[in-house]
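Enquirer: any chance you can model this:
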Amino acid sequence: MSQVSKQSGAALYRQVAEDLLARIQRAELRPGERLAPEAQLATQYGVNWLTIRRALEDLTRAGKVRTEHGVGSLVAVPPIRHRIDDGAASLSESMAERGLTVRHQVLAVTRLDQTKESPFPDFPGPTVRFSFVRLLEEQPWSVGEVVLPASLAPAYWDGRAPACSRRSPPNTDW
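Expert: Numbers count the residues shown, from 1 in each chain. Now for the predicted structure:
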């Protein structure tokens with residue numbers, strides 16, 4: 001951490017923000033790590049606490065810091081971005097290439113009305129709707145729904161239970 005210089009011509013808050021950003025980039029401050037309180041940072045940098053607050057506001061706008069009421073300022077966890085045109089067949093494959101895990105947690109399984117014509121003529125019988133949340137590194141990423149013939153429906157998408165036969169899912173009430 002370096003003292004800021006009033007002689008440099010750069011605004012003090014900008015010097016503080018640049019120093020904190022450099023410390024984040026050098027991994028001296030890691031994602032999720034709590035920063036020192038504003039008053040302590042002000043003492044360390046030799047500036048007013050308002051200067052620290054302005055620097056933290058700029059870093060928050062840049063997505064490098066987040067502030068939680070009653071907790072303080074923390075180094076932000078970088079967002080994980082996914083391009084659908086990245087060449088991977090699926091989100092799971094794309095994230096696996098980055099060393100990340102994707103898991104689907106089923107929220108609801110619903111039997112659909114069979115009085116209507118089946119959208120799956122090659123698979124007669126009931127259809128089911130799976131509503132699920134997709135977890136990326138155990139954090140919610142997205143919510144989705146899939147409709148498919150019950151005969152093809154996986155019994156468990158979250159990997160916590162053994163797979164079952166496609167012909168006889170454990171939930172026979174569909």
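Enquirer: and the contacts of stretch 93-102?
Expert: 80, 82, 86, 88, 91-92, 134-138, 141 (Cβ atoms under 8 Å, 6 or more residues apart in numbering). Heads up, the C-betas are built off the backbone N, CA and C, glycines and all.
Enquirer: same check on stretch 72-92?
Expert: Stretch 72-92 has contacts (Cβ under 8 Å, 6+ apart) with 24, 29-35, 37-38, 56, 60, 63-68, 94-95, 97, 100, 102, 134, 136-137, 141.
Enquirer: can you tell me which of those are in strands?
Expert: Those of these mapping onto strands are 65-68, 102, 134, 136, 141, per DSSP state E.
Enquirer: can you flag the buried ones in those residues?
Expert: Among the ones in strands among the contacts of stretch 72-92, the ones that count as buried by 16 or more other Cβ atoms under 10 Å are 65, 67, 102, 134, 136, 141.
Enquirer: out of the residues you listed, what pair is the most spread apart?
Expert: The span of these, defined through Cβ to Cβ, is set by 67 and 102 at 29.5 Å.
Enquirer: where does this structure have low pLDDT?
Expert: The model of the chain has pLDDT under 70 over residues 1-2, 114-116, 155-174.
Enquirer: surely residue 130 forms part of a strand?
Expert: Yes - counting by DSSP: H, G, I helix; E, B strand; the rest coil, residue 130 is found in a strand.
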